[in-house]
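Asks: here is the input, now give the coordinates:
(2 chains)
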Number of protein chains: 2
Amino acid sequence: MSQRLQYATAFAPATIGNVGVGFDTLGMAIKGVGDEVQVSKRKDKLVFIHSITGVSDSASLSLVAERNTAGASLLALQHGEKINYGFDVWIKKGIPMGSGMGGSAASAVGAIIAANQLLKKKLTNKQKLYYALEGEKVASGAAHPDNVAPCIMGGITLASLQWDEPMLSLPFPNVMGWVLVHPNVKVETKAARAILNRNVPLEKYVEQSSLLSCFLMGLFKKDLKLIRQGFKDVIIEPQRSHLIPGFDHMRQSTLLQKGVLGFSISGSGPSVFALTNSLATSKKIAQLLKSEFNKLNLETECYVGIGRCPGAHLVKRKPFMLINQESFNQ
Amino acid sequence: MSQRLQYATAFAPATIGNVGVGFDTLGMAIKGVGDEVQVSKRKDKLVFIHSITGVSDSASLSLVAERNTAGASLLALQHGEKINYGFDVWIKKGIPMGSGMGGSAASAVGAIIAANQLLKKKLTNKQKLYYALEGEKVASGAAHPDNVAPCIMGGITLASLQWDEPMLSLPFPNVMGWVLVHPNVKVETKAARAILNRNVPLEKYVEQSSLLSCFLMGLFKKDLKLIRQGFKDVIIEPQRSHLIPGFDHMRQSTLLQKGVLGFSISGSGPSVFALTNSLATSKKIAQLLKSEFNKLNLETECYVGIGRCPGAHLVKRKPFMLINQESFNQ
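Replies: Numbers count the residues shown, from 1 in each chain, chains lettered A, B, ... in the order given. Below you'll find the model as predicted:
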């Protein structure tokens, strides 16, 4: 029993994949919503998922480790680090499924961050990334680091699996606000990837490169004017916007508001997000977007904040195996 | 006669279009080679090019203002600023034609910088860019700002004609060296553009975006390791490298040398360039590239330096109309 009491719990935040301008490479952590994963050691070598609770549709997720992003990450970790014990796992999802908020990445990262606490030899950030990506693959079919990287590192990250140093933290201006609105419709990542044209016209590539560069320059110089000048997605957004009810109208109304730096799709949608010049603007935009979605009979959840948000971290929780679900949920 | 004695002379440096990672958007000024343009007012409204001297093939350039990059820029300036006088123009080219060193941009920028000195109301940088680009169009068939922008601003620039602020200066690490080698073969910009695939595979677009971002991050953080990690062109270089004799072998040998951050084609070639960690490395690479080209029976000119190079600027020269060509050339 003492063996089983070695446990840890991690909170892993929701993330905005692509951040509009950097398809499959930029990502951004947000605050106030995420998944919690509790992991404890078990003597046999099984990875056993006891429960997945939280958001209403979490029951549809597989408890079979190989088919679960948290489970698959832990199996990859166990194999890669030659660990001779297993893991008991409890997942409490805060991120709705198919929301474009990086839910599969969060469960995978949460599992790795919690398990890391139980390891004698701690993982490097690069190892955390690679093990979590093995989980991410289960959900999205391919390993893209644009959610996992910011989920681990916090803030805005630049990531590429081609590099020795695959995750890089970008500066985040203190005064930059953000707002994410999740409408109650589902977009499957796999489907949203499948509709993308496999080729990018050369002139669009040039335009998006310069926009991305201008956006990054704005981050480094903490220059909101440059961030706004650079914040535009001319490649992916036009191909996906039709998946989100009312998107084009919402985009227009949002960009007309004072203090808005940019508006786009979070990951593969349906969540949308904006970057702003203040918390007050973010709150105003949240109201505007909520009311637009409501007009289309869609309920929403809204998240707003300002400044850099932290990545996944350990949280103090009672051991799940000793308590009932109600008390864990409180 | 007093009217004709109002004159100015500008030196405009050679530039490295694309800087390997930022096709049609990044550009970089170098030192030690460039075009000089002397401009004086004339009472009628003609733009009259008196002579083009300098590099051996300069005689093949048109003296007809509309077909000359300097002349066309001045005509655009005259029209745009509603100037009621003309210009006498003398051009001394230091940049070989068809070298991929931004020669057409340099003559255009030189003309605008010199003429600006004669104007009552001085031009903004944006106006300089747009007038010079009207000249650039004559040579390359389309207006791309990746040579004109660094030629005006110096250092490394990010430019896009879509923006209110179309030219942005990027930081240039003091310790970063450069080397440019021009082999004695010609590549016409128009032809080098024509061979490019009109589409970029989506995964190459993602890879190049992340490389460009990493390179920019390296510039901002003055981190040569990041600059090296980001310095790779997976889109344009593979399509153009066959235009340059011995390119692939040269690339391999150069990248094997210690202290080299990257190697690629300058603009549309045939000049090649490398970024390095010191002046000593730049000199070593210049020798290496020179000897490689010599093995292929190609003569070269080499330019090396370290740190940020200035953009176009006024220089003190005697009035050309009063002296003979020999004395101007000294």
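
Asks: for chain B, what are the nearby residues on chain A?
Replies: A:22-26, A:158-160, A:162-165, A:168, A:170, A:196-202, A:205-214, A:216-217, A:220, A:225-226, A:229, A:235 (Cβ under 8 Å from any Cβ of the partner chain). For every residue, glycine as well, the C-beta is placed using N, CA and C.

Asks: give me the subset of these lying in helices.
Replies: A:202, A:205-214, A:216-217, A:220, A:225-226, A:229 (DSSP state H).

Asks: what subset of those is buried?
Replies: A:202, A:205-214, A:216-217, A:220, A:226, A:229 (16 or more other Cβ atoms under 10 Å in any protein chain shown).

Asks: what helix or strand does the nearest residue to A:Leu289 once chain neighbours are set aside sit in?
Replies: Ranked by Cβ to Cβ, 6 or more residues apart in numbering or on different chains and with sequence neighbours excluded, the top spatial neighbour of A:Leu289 is A:Val181, at 4.3 Å. Using DSSP states H and E, A:Val181 maps to strand A:177-183.

Asks: show residues contacting that strand.
Replies: Outside strand A:177-183, the residues within contact range by Cβ atoms under 8 Å, 6 or more residues apart in numbering or on different chains are A:14, A:16, A:28, A:30, A:96, A:99-101, A:244-245, A:266, A:270-279, A:281-283, A:285-286, A:289-290, A:293, A:296, A:298-306.

Asks: now do it: distance to the chain's middle.
Replies: From the chain centre to the centre of strand A:177-183 is a distance of 13 Å (Cα atoms, centre = their mean, to the nearest Å).

Asks: for the next helix or strand after that strand, buried residues please.
Replies: Sequence-wise, the next helix or strand downstream of strand A:177-183 (DSSP H and E) is helix A:189-194. Buried residues in helix A:189-194, defined by neighbour count with 16+ other Cβ under 10 Å: A:Thr189, A:Ala192, A:Arg193.

Asks: show me the contacts for A:Ser210.
Replies: B:Gly22, B:Thr25, B:Leu158, B:Ala159, B:Ser160, B:Gln162.

Asks: give the contact list for the closest residue to A:Phe23 other than its chain neighbours.
Replies: Among residues not flanking A:Phe23 along the chain, A:Ile236 sits closest, at 5.0 Å (Cβ to Cβ, 6+ apart). A:Ile236 makes contacts with A:Asn18, A:Phe23, A:Leu196, A:Ile265, as judged by Cβ under 8 Å, 6+ apart.

Asks: let's see 7 Å
Replies: By Cβ atoms under 7 Å, 6 or more residues apart in numbering or on different chains, A:Ile236 lies in contact with A:Asn18, A:Phe23, A:Leu196.

Asks: rewinding a little: can you list the strands that the strand holding A:Val181 pairs with?
Replies: Next to strand A:177-183 in the sheet, as set by DSSP bridges, lie strand A:272-276 (antiparallel), strand A:300-306 (antiparallel).

Asks: got those strands as a markdown table, with mean neighbour count and mean pLDDT columns?
Replies: Formatted as a markdown table, the strands paired with strand A:177-183 follow (neighbours: other Cβ atoms under 10 Å in any protein chain shown; pLDDT from 0 to 100):
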| stretch | mean neighbour count | mean pLDDT |
| --- | --- | --- |
| strand A:272-276 | 28 | 98 |
| strand A:300-306 | 19 | 97 |
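
Asks: between those strands, which one is closest to B:Arg42.
Replies: Closest of those to B:Arg42 is strand A:272-276, at 52.7 Å (criterion: Cβ to Cβ).

Asks: for whatever residue of the stretch 1-150 of chain A ends up closest to chain B, which non-adjacent residue is spatially closest?
Replies: For the stretch 1-150 of chain A, the residue closest to chain B is A:Thr25, as judged by Cβ to the nearest Cβ, at 4.1 Å. Excluding the flanking residues, the one nearest A:Thr25 by Cβ to Cβ, 6+ apart is B:Ser210, at 4.1 Å.

Asks: now do that neighbour, the pLDDT please.
Replies: Note on B:Ser210: pLDDT of 97.

Asks: could I get the contacts of A:Ser210 as JSON lines with distance to A:Gly71?
Replies: Below are these laid out as JSON lines (distance: Cβ to Cβ, whole Å):
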{"residue": "B:Gly22", "distance to A:Gly71": "42"}
{"residue": "B:Thr25", "distance to A:Gly71": "44"}
{"residue": "B:Leu158", "distance to A:Gly71": "44"}
{"residue": "B:Ala159", "distance to A:Gly71": "49"}
{"residue": "B:Ser160", "distance to A:Gly71": "46"}
{"residue": "B:Gln162", "distance to A:Gly71": "46"}
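
Asks: any weak-confidence spans in chain A?
Replies: A:1-5, A:321-330 (pLDDT under 70).

Asks: all helices for it, in order.
Replies: Using DSSP H, helices in chain A cover A:69-80, A:103-118, A:125-140, A:145-153, A:189-194, A:202-221, A:224-230, A:237-240, A:247-256, A:279-295, A:325-329.

Asks: so of the ones you listed, which one's packed in deepest?
Replies: Highest mean neighbour count among the helices of chain A (mean count of other Cβ atoms under 10 Å in any protein chain shown): helix A:145-153, with a mean of 31.

Asks: how much does that helix deviate in direction from helix A:103-118?
Replies: Using axes from the mean of the first three to the mean of the last three Cα atoms, to 10 degrees, the direction of helix A:145-153 lies 40 degrees away from that of helix A:103-118.

Asks: who does helix A:145-153 touch, helix- and strand-wise?
Replies: The contact analysis (3 or more Cβ pairs under 7 Å, 6 or more residues apart in numbering or on different chains; DSSP states H and E) places helix A:145-153 against strand A:7-17, strand A:26-42, helix A:103-118, helix A:125-140, strand A:156-159, strand A:167-170.

Asks: tabulate those (a markdown table), appending distance to B:Val109.
Replies: What follows is the helices and strands packed on helix A:145-153, written out as a markdown table (distance: least, Cβ to Cβ, whole Å):
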| stretch | distance to B:Val109 |
| --- | --- |
| strand A:7-17 | 41 |
| strand A:26-42 | 34 |
| helix A:103-118 | 48 |
| helix A:125-140 | 45 |
| strand A:156-159 | 33 |
| strand A:167-170 | 33 |
